[in-house]
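Asks: Sequence plus predicted model, see below.
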Amino acid sequence: MSTELIAAKNLKKRYQMGEVTVYALKGVDFTLYDGELVVMLGPSGSGKSTLLNIIGGMDQATEGELYFGDKGLHEVGDRELTLYRRNEVGFIFQFYNLMPNLTAFENINLSVQIAQDPLEIDGLLEQVGLGDRRDHFPSQLSGGEQQRVAIARALAKNPRMLLCDEPTGALDLPTGIQVLKLLRDFCENYHKTVVIITHNTAIAEMADRVVYLKDGMVDRIEKNAHPLPPEKVTW
Amino acid sequence: MLWKKMIRDILSNKGSYVACLVIVIIGLIVFTAFSIVSDSLNLSKDTFYREQNFAQGFVELVSMPEHNVERLSRVEGIKEISGRVVREVRVNAPEREESIYLRLVSLDLSDSSRVNDVRLLEGEELKDRELNAWVDNQFFHANELEMGQEIEVVAGGRAREITITGMGMSPEFTYPLRTQTELFPNPEQFGIAFLPLDTMAALFPDVQGRVNDLVFTLEPDADFDRVKDRLEPELEQYGLKTIYSRDDQVSHLMLTEEITMLETLSTSFPLLFLSIAGVILYIMLKRMVEQQRGQIGILKALGYSDKEIVFHYLSYALTVGAVGGLLGGFLGILSATPLTELMLEFFNVPEVYEGFSLYYLMSGLLLSLTVFLISGYHGCKQALRLKPAEAMRPPAPVLGTKNILEKIGFFSEMLTIQGKMAVRNLTRNKGRSAFMFLGIMLSCAVVALTWSFNDLVDKMIFYQYEEVEVYDARVTLSGPDARDPVERELEGHTEVARVEPIAEVPVTLSHHWQEEDVSLIGITRESSLYNILDSEGRRVIPSDKGLILSERLADKLNVSVGSTLELESPFLRDEDSSQRVSVYEIIPQYLGMNAYMELSGLEELLGQGKLATSFLVNVNNNENKEGGISLLRDRYRESELVAGVDGREERIGQAAELMETFGVALYIYVLVGVIIGFSIIYSSSFIIVSERSRELASMRVLGMTSREVFSVITFEQWFLSFFAMLAALPLAQLMQQGLASELSTDMYILPGELSSESLFAAAVITSLSIWIAQRFALKKVRDLSLVEVLKFEE
């Protein structure tokens, strides 16, 4: 049995939208383990992005407990959450969020310089297949290439886990497959945890476990006995 | 509906709008208030001059029979002329520590069209052959005098009681200064008393039937210089000292200079401020139109016309313009009255308050609306070009490029990744960077210039009384014959440690066609109480062979060291002759405009025996100098030989006291500079944060602290500000030189050099205002919602 990385206990999240209170999470319990690839599935409004943001230290729950190892993330301040994001988490977004005025290499370097035990940048660029594009600015790269730079930037910090919010949402199938393969490789080669949230059910086939969210709660968790290699996934 | 959107948009970004509004308001306060004040002063001055028949020409001479005045009125070009006796006396007030002087000016009661007539404010008509006088209102109030009160003066060696029967004011003494080296009127110690002509004769038997001063007005088309040329030969025989026009009359000069300065400030200052506010608003609107691209698309899709959309965005600018214009205008009108009162403390002119001025309120509003209409239109015109479908698509991605600065090898290597981002951001929006650069440069230059006023005061007053005139007291002689007896007496007093004679002689110096009337000061070679200093602060020993000239005098005469000058003086043994004398040295002088010479050399040049007009004295008791000076003053309280004893410390004290009033004004100017710097950085930080919120949030998600993320913006701002402040140095220097040459007069010379202290202070103050503005923007970065910003495509 792998060690527990994240443990969520009865997590609740409420937003006040003007005069209306929105319950984004209504009591979520689940655990993430070291080195697994988890896909969270659910329709829009099921609370998956909220959960990912809370796990990633970008937001905090209104109620409940969240542990990273034995550290209670629900009770720390802004400063510690920043350190947590800095040292333990890598984020990947649907819309890449690269710095437009930094080259591919410099975008990655941006995260390397604040990391404690970073990976080597040029090696990463080779790994994501952009060795020859290192000095290109984002506006000179395709969407898939930009997402690969974003992945390399997230990996470069050598975080314990990678949190991906619809990483293939803006990409075509072949490019999306390339990106998923990178995520799977990172998970296996470095024994890191990868969480992907998506509403694309096909991606769930490559996961070790699938967490189904519905209406702000965990509907069910399924374990994949035989995850498909990313190349075999199709949608 | 769109109005509501506009108001909500403004409220959601109120900080930047308030910053913009503050600048508009300051600009318009100055516009309205200064315009009203200068109008009031002008109106007051013109009425006063007209009603009191203010002279256009002034003559000082030794003595002339009174009946000759009538003959002079027939000189071509002269309309009216009045002969007067003008004498200065000491007021005998044993209870007062300091010396008090009155300048007695005679009034010919038989003359119904007196030139330089006095406006009686309170009291009764003067009576012939009685010891009665009107005193000027400032002296009257400053010394808390009462009607019918008697004041004792020392006249002709005798103490005489003069009854005050009236209080009035004269256009000749709107800014009464006792000596050339004074900068401010001091009504507690110096006033004007107006007496009947025959009363003067009773006080001073030597002027019986004679006058020593003439004032005249000119025929409408007459030229002063021609009249002067016609008068000179007529007056030579009476010991003509000087003839000067109204333009050189001290009070008139100071008053008109002040009005001109107010007029200049009332246009240049608001234009500068409105331009800055206009540019800030332009940048803000431009950014808003970029940001609200989608909304513009929807409005267009709904069927709103281009005109309606542009008007909507213009309404932001016009709202700021109208609110700022009205608020600034009203505040300006409100501050005009206290400002006029402040002016009236310095200038003794009749009170004229133009309370409410619809004209300036409306022109201010119009000015502000025009500036904002232009800047608003340029800011939002891009909204016109967008097609609805295009508007709803995201804008083209930002093109990343390296810029020229990165081509500098070592510089590029020094930069961190954040540094690189900052440097590239500089060229990302060149217009905005240029505005920030210019704004910070201007702000820093304004602060430096203002701060340098402190040095200026130092130079003008403290330099004069702490470096140049270092005596403890000056004993002024009542006449040339007093030198020997007074010198012997002074040397005999136990409290006196050192005595030096000094002679101040009126001379006319000419070089080709340039001619200047100045006071030539004769100082002993070994003088240690009056130091003539060169530009390096080294003592210059006066020569008996040539003159030392102040820089301004040398400039005006167009001479350099070695040039030869023609010298004329009523003190020359042969008054009709002139002497040739060379220029020995040229020195800086900030107060007054003089020539200097070694005393015995001066005596020889003039063909006179031993000459002195005053003695400079150092008192013995270092522990209690005040006591020593006081003792000395008591000794000469009723002396016929001594006209007055003045302590140097008193003058420094008075100057310092007056400077405090100015200090407040200076701090206001410094504050203005700070506000410019602050507003520029504040609004540009906000725009940058809004424009780059996605990038900043991405960095936060990577695990950087708000401070680390913010450092990208601050690095960019500091980088730009550093060079802007460097550029501010020559700008401030240029502005200072411009101001110095514009504002310097024969009475005071503003130094053209900025001190390093004021440059340093400007850099510190500007940096501080930048730093404070950044703290506000840092809060905005802290409050960035990471989730919101990153979730959606831009």
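Replies: Okay, I see it.

Asks: so where does A:D219 fall, helix or strand?
Replies: Using DSSP states H and E, A:D219 sits within strand A:217-223.

Asks: Residue of chain A closest to chain B, please.
Replies: A:R86 (2.5 Å; Cβ to the nearest Cβ). Any C-beta I mention is one placed from the backbone N, CA and C, and that applies to glycine too.

Asks: what does the strand holding A:D219 contact?
Replies: Residues from elsewhere that reach strand A:217-223 (Cβ atoms under 8 Å, 6 or more residues apart in numbering or on different chains): A:25-30, A:42, A:47, A:208-213.

Asks: That strand pairs with which strands, parallel or anti?
Replies: strand A:209-214 (antiparallel) (DSSP bridges).

Asks: The partner strand: which residues count as buried?
Replies: A:209-213 (16 or more other Cβ atoms under 10 Å in any protein chain shown).

Asks: now swap in stretch B:160-169 and tell me
Replies: Within stretch B:160-169, judged by 16+ other Cβ under 10 Å, the buried ones are B:160, B:162, B:164-169.

Asks: Ok, stretch B:703-710 next?
Replies: Those would be B:703-706, B:708-710, for stretch B:703-710 by 16+ other Cβ under 10 Å.

Asks: So which of those residues are in helices?
Replies: Judged by DSSP state H, those include B:706, B:708-710 as members of helices.

Asks: longest helix anywhere in chain A?
Replies: The longest helix of chain A (DSSP H) is helix A:173-189.

Asks: How far off centre is whichever helix or strand comes after it?
Replies: Remark: after helix A:173-189, the chain's next helix or strand is strand A:193-198, criterion DSSP H and E. In terms of Cα atoms, centre = their mean, to the nearest Å, the centre of strand A:193-198 is set 5 Å apart from its chain centre.

Asks: In what element of secondary structure is B:A740 found?
Replies: Per DSSP H and E: helix B:706-743 holds B:A740.

Asks: which among the buried residues of stretch B:703-710 gets closest to B:L666?
Replies: Of all the buried residues of stretch B:703-710, B:L666 sits closest to B:F710, with 33.6 Å by Cβ to Cβ.

Asks: hmm, back to that, which among the ones in helices among the buried residues of stretch B:703-710 are in contact with chain A?
Replies: B:E708 (Cβ under 8 Å from any Cβ of the partner chain).

Asks: Dump the ones in helices among the buried residues of stretch B:703-710 to JSON lines, plus pLDDT.
Replies: What follows is those, written out as JSON lines (pLDDT from 0 to 100):
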{"residue": "B:S706", "pLDDT": "85"}
{"residue": "B:E708", "pLDDT": "85"}
{"residue": "B:V709", "pLDDT": "86"}
{"residue": "B:F710", "pLDDT": "86"}
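
Asks: Sort out which residues of the longest helix of chain A are buried, please.
Replies: In terms of neighbour count (16+ other Cβ under 10 Å), helix A:173-189 has its buried residues at A:175-180, A:182-184, A:186-187.

Asks: Pipe those into a markdown table and attach pLDDT and distance to chain B per row.
Replies: Formatted as a markdown table, the buried residues of helix A:173-189 follow (pLDDT from 0 to 100; distance: Cβ to the nearest Cβ, whole Å):
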| residue | pLDDT | distance to chain B |
| --- | --- | --- |
| A:T175 | 86 | 17 |
| A:G176 | 88 | 17 |
| A:I177 | 91 | 22 |
| A:Q178 | 88 | 21 |
| A:V179 | 87 | 17 |
| A:L180 | 92 | 21 |
| A:L182 | 89 | 18 |
| A:L183 | 92 | 18 |
| A:R184 | 93 | 23 |
| A:F186 | 89 | 17 |
| A:C187 | 92 | 20 |
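
Asks: can you list the domains in chain B?
Replies: Structural domains assigned to chain B are B:1-54+B:253-396, B:55-252, B:408-466+B:654-794, B:479-640, following automatic domain parsing.

Asks: Could you tell me the least trusted of the ones you listed?
Replies: Confidence, taken as mean pLDDT, is least for domain B:408-466+B:654-794 of these (a mean of 82).

Asks: Could you list the residues of chain A in contact with chain B?
Replies: Those residues of chain A that sit near chain B, judged by Cβ under 8 Å from any Cβ, are A:49, A:53, A:56, A:58-59, A:79, A:82-87, A:89, A:91, A:93-95, A:97-103, A:106, A:109-111, A:113-114, A:137-139, A:153, A:157, A:165, A:170.

Asks: Could you identify the buried members of the residues you listed?
Replies: A:49, A:53, A:56, A:58-59, A:82, A:84-87, A:89, A:91, A:93-95, A:97-103, A:106, A:109-111, A:114, A:137-138, A:153, A:157, A:165, A:170.

Asks: mind listing which of these are in helices?
Replies: A:49, A:53, A:82, A:84-87, A:106, A:109-111, A:153.

Asks: from those, which is closest to B:G324?
Replies: Scanning these for proximity to B:G324, where the rule is Cβ to Cβ, the winner is A:T82, at 40.6 Å.

Asks: Excluding residues flanking it in the chain, which one is nearest that closest one?
Replies: What sits nearest to A:T82 in space, not counting adjacent residues and going by Cβ to Cβ, 6 or more residues apart in numbering or on different chains, is B:T705, at 5.2 Å.
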